[in-house]
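Peer 1: model the following, please.
(2 chains)
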Amino acid sequence: AQSVTQLGSHVSVSEGALVLLRCNYSSSVPPYLFWYVQYPNQGLQLLLKYTSAATLVKGINGFEAEFKKSETSFHLTKPSAHMSDAAEYFCAAFSGYALNFGKGTSLLVTP
Amino acid sequence: KAGVTQTPRYLIKTRGQQVTLSCSPISGHRSVSWYQQTPGQGLQFLFEYFSETQRNKGNFPGRFSGRQFSNSRSEMNVSTLELGDSALYLCASSLTPTDTQYFGPGTRLTVL
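Peer 2: Numbers count the residues shown, from 1 in each chain, chains lettered A, B, ... in the order given. This next block holds a predicted model:
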């Protein structure tokens, strides 16, 4: 089964700094991969998805992720953090019928 | 286009009761999936429906059930509630079972 591991349950960055949230997947076949964001008391919002069309995927709110098969990674980045980026971020792999989520990374943005 | 809607948003029940949660998918989406989110277990897949048929179910006891109607709206039911059922229940819809899933705001269930 395809699974994902998110490294770091909490990440803290200063406003304006680079955001890097790590996700590694476990699969012999490149899966469909996703990043979702969850703001307090809300559902999950799709940030971006990888479906093998391109290794660098651009999403909403300035986020992007690069699929690296050699490293089985799909890390999420944003060049400059905003206070509004503070939220929980989830990496997920599609198993064929369901999303398998990582444990999530809580992003804190400090002034 | 309106997003996925879930009702109610908040619910408080006591142990032993049963509860029904509702999900209306994005217009035109025919697949609905349900997930449970808890601090300890994270996000876990409950079940998936397409064309009124449950195609897959996660590792949950039989107290958890659901159904999908001809208009693609879905309900899930939890009987004989336990304290551990307290969670955020998320519904996601997609055009087909293999398309991108879009989530609703969730129903926060508290079992006392």
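
Peer 1: quick check: bridge partners of A:Y50?
Peer 2: A:Y50 has the following beta-bridge partners by DSSP bridges: A:L33.

Peer 1: B:L81 in helix, strand or coil?
Peer 2: What DSSP: H, G, I helix; E, B strand; the rest coil gives for B:L81 is coil.

Peer 1: next up, the contacts around it.
Peer 2: Residues in contact with B:L81 (CB atoms under 8 Å, 6 or more residues apart in numbering or on different chains) are B:K13, B:T14, B:R15, B:G16, B:Q17, B:Q18, B:V19, B:V111. From N, CA and C alone the C-beta is placed, and that goes for glycine too.

Peer 1: try 6 Å this time
Peer 2: B:K13, B:R15, B:Q17, B:V111 (CB atoms under 6 Å, 6 or more residues apart in numbering or on different chains).

Peer 1: and what of A:L76?
Peer 2: Residues counted as contacts of A:L76 (CB under 6 Å, 6+ apart) are A:L21, A:W35, A:F63, A:A65.

Peer 1: rerun that using 7 Å as the cut-off
Peer 2: A:L21, A:C23, A:W35, A:F63, A:A65, A:Y89 (CB atoms under 7 Å, 6 or more residues apart in numbering or on different chains).

Peer 1: which SSE is the second one in?
Peer 2: Counting by DSSP states H and E, the element that carries A:C23 is strand A:19-26.

Peer 1: what's the distance between A:S12 and A:A86?
Peer 2: Distance of A:S12 to A:A86, given as CB to CB, to the nearest Å: 10 Å.

Peer 1: and the closest residue to A:T51 other than its chain neighbours, how close does it get to B:K13?
Peer 2: Spatial nearest neighbour of A:T51, excluding adjacent residues (CB to CB, 6 or more residues apart in numbering or on different chains): A:Y32 at 5.5 Å. Here A:Y32 is placed at a distance of 36 Å from B:K13 (CB to CB).

Peer 1: if we can go back for a sec, what pairs with the strand holding A:C23, and is each one parallel or antiparallel?
Peer 2: Strand A:19-26 has its sheet partners listed here by DSSP bridges as strand A:3-7 (antiparallel), strand A:73-78 (antiparallel).

Peer 1: show me what from chain A comes close to chain B.
Peer 2: Residues of chain A lying near chain B by CB under 7 Å from any CB of the partner chain: A:Q42, A:G43, A:L44, A:L46, A:K49, A:F90, A:Y97, A:A98, A:L99, A:F101, A:K103, A:G104.

Peer 1: which one of the strands paired with strand A:19-26 is the most hemmed in?
Peer 2: Across these, averaging neighbours per residue (mean count of other CB atoms under 10 Å in any protein chain shown) puts strand A:73-78 on top, at a mean of 21.

Peer 1: after that strand, which helix or strand is next? Please name it.
Peer 2: Following strand A:73-78 in sequence, per DSSP H and E, is strand A:87-94.

Peer 1: in its sheet, what does that next one sit against?
Peer 2: In its sheet, and by DSSP bridges, strand A:87-94 pairs with strand A:32-38 (antiparallel), strand A:99-101 (antiparallel), strand A:105-110 (antiparallel).

Peer 1: and the ones you listed as CSV, adding mean neighbour count?
Peer 2: As requested, the strands paired with strand A:87-94 are exported to CSV (neighbours: other CB atoms under 10 Å in any protein chain shown):
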stretch, mean neighbour count
strand A:32-38, 23
strand A:99-101, 22
strand A:105-110, 16
